[in-house]
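Asker: Next input, structure requested:
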Amino acid sequence: MSDAPSRETGRATHPRHATDAVLTAPIRLSIVAALSRVDEMEFAALRDLIELSDSALSKQVSALEDAGYVEVRKGYVGKRPRTWLRVSPDGRAALRRHLAALTAIVEGA
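Answerer: Sure thing, here's the model as predicted:
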């Protein structure tokens, strides 16, 4: 099957075209999915939940922040620095679209 647009419509119609390139990476999908279930989550809690190192999570969060899918808030608890993460409205919408596209792919198989 080619990536060419449909001859009838002139545009791509296969649901794979509706997947989100940012969310096709399993780690980024895991981050956005986890954050979509809460108002916000501390970095360490998310790290432990999805079983990543600090550096790997930091790199993926930066990519999601650059895409506008995750918001990062830094602060302190006592004298200790903390980072909290939340999914943005754009990230929540991207997740819904991405999951709908994946469902359409599976149901159309």
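
Asker: Kindly spell out which helices and strands sit in contact with the lengthiest helix in the chain.
Answerer: Scanning the chain for the helix with the most residues, using DSSP state H, yields helix 89-108. In terms of contacts (3 or more CB pairs under 8 Å, 6 or more residues apart in numbering; DSSP states H and E), helix 89-108 is packed against helix 26-35. Yep, even glycine has a C-beta here, placed from its N, CA and C like the rest.

Asker: Just want the angle from the helix it packs on to helix 89-108.
Answerer: Angle, helix 26-35 to helix 89-108, by axes from the mean of the first three to the mean of the last three CA atoms, to 10 degrees: 110 degrees.

Asker: low-scoring pLDDT stretches of the protein, where are they?
Answerer: Where the chain drops to pLDDT under 70, the residues are 1-10, 109.

Asker: if you set the cut-off to 80 instead, what comes out?
Answerer: For the chain, residues meeting the criterion pLDDT under 80 lie at 1-12, 109.

Asker: For the longest helix of the chain, buried residues please.
Answerer: G91, A94, L95, H98, L99, A101, L102 (16 or more other CB atoms under 10 Å).

Asker: ok now do the last one, which residues does it touch?
Answerer: L102 makes contact with P15, T19, according to CB atoms under 8 Å, 6 or more residues apart in numbering.

Asker: returning to that earlier point: now the buried residues of helix 89-108 as JSON lines including distance to T83?
Answerer: Formatted as JSON lines, the buried residues of helix 89-108 follow (distance: CB to CB, whole Å):
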{"residue": "G91", "distance to T83": "17"}
{"residue": "A94", "distance to T83": "22"}
{"residue": "L95", "distance to T83": "21"}
{"residue": "H98", "distance to T83": "25"}
{"residue": "L99", "distance to T83": "26"}
{"residue": "A101", "distance to T83": "31"}
{"residue": "L102", "distance to T83": "29"}
